[in-house]
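Student: how would this look folded up:
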Amino acid sequence: RLIDLGEAFPHDAVPDQLAEPSDLQVPEKLFTKKFDYRVDLWRAGCVIYTLVIGDKPFAWVWVWRVDSLVAQMIHFVEDLPPEWRPEWERMKAAAGRKHEDIRGIDNSP
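Tutor: Model prediction:
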């Protein structure tokens, strides 16, 4: 294992919970509350990005707000799967967000 983050699990033994640093949260868990082995792909991508670019893919100051993290993800990968759109609309409404992506992000709680 090159990068474990302390959360490795076999494909056939997915845990019920996953400890996640805010900037490594996986989109599947945010939208469906479920995850599987693909969590490793997301985290590996984030770590590779950090190693190559020298900065984290998602701004640390904003990731404690789920709507801001998702807005950054949308800005980074462009759009969400159609089945996640209703949940995203709910998140945006709850946060008072008007924009899909990172435009106009407010850092206040």
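Student: In contact with W88, which residues are there?
Tutor: By Cβ atoms under 8 Å, 6 or more residues apart in numbering, the contact set of W88 is 31, 70, 80. The C-beta positions use only the backbone N, C-alpha and C, and glycine is treated the same way.
Student: elements contacting the lowest-mean-pLDDT helix or strand in the chain?
Tutor: Across the helices and strands of the chain, mean confidence by mean pLDDT, DSSP states H and E is lowest for helix 66-77: a mean of 84. Other elements packing on helix 66-77 under the criterion 3 or more Cβ pairs under 8 Å, 6 or more residues apart in numbering; DSSP states H and E are helix 27-32, helix 85-95.
Student: what does the shortest one rub up against?
Tutor: What it means is helix 27-32. 18, 20, 34-36, 38-39, 42, 66, 69-70, 73, 80, 84, 87-88.
Student: Out of these, which end up buried?
Tutor: 20, 35, 39, 42, 69-70, 73, 80, 84, 88 (16 or more other Cβ atoms under 10 Å).
Student: Now do the end-to-end distance for stretch 12-22.
Tutor: 25 Å (Cα to Cα, to the nearest Å).
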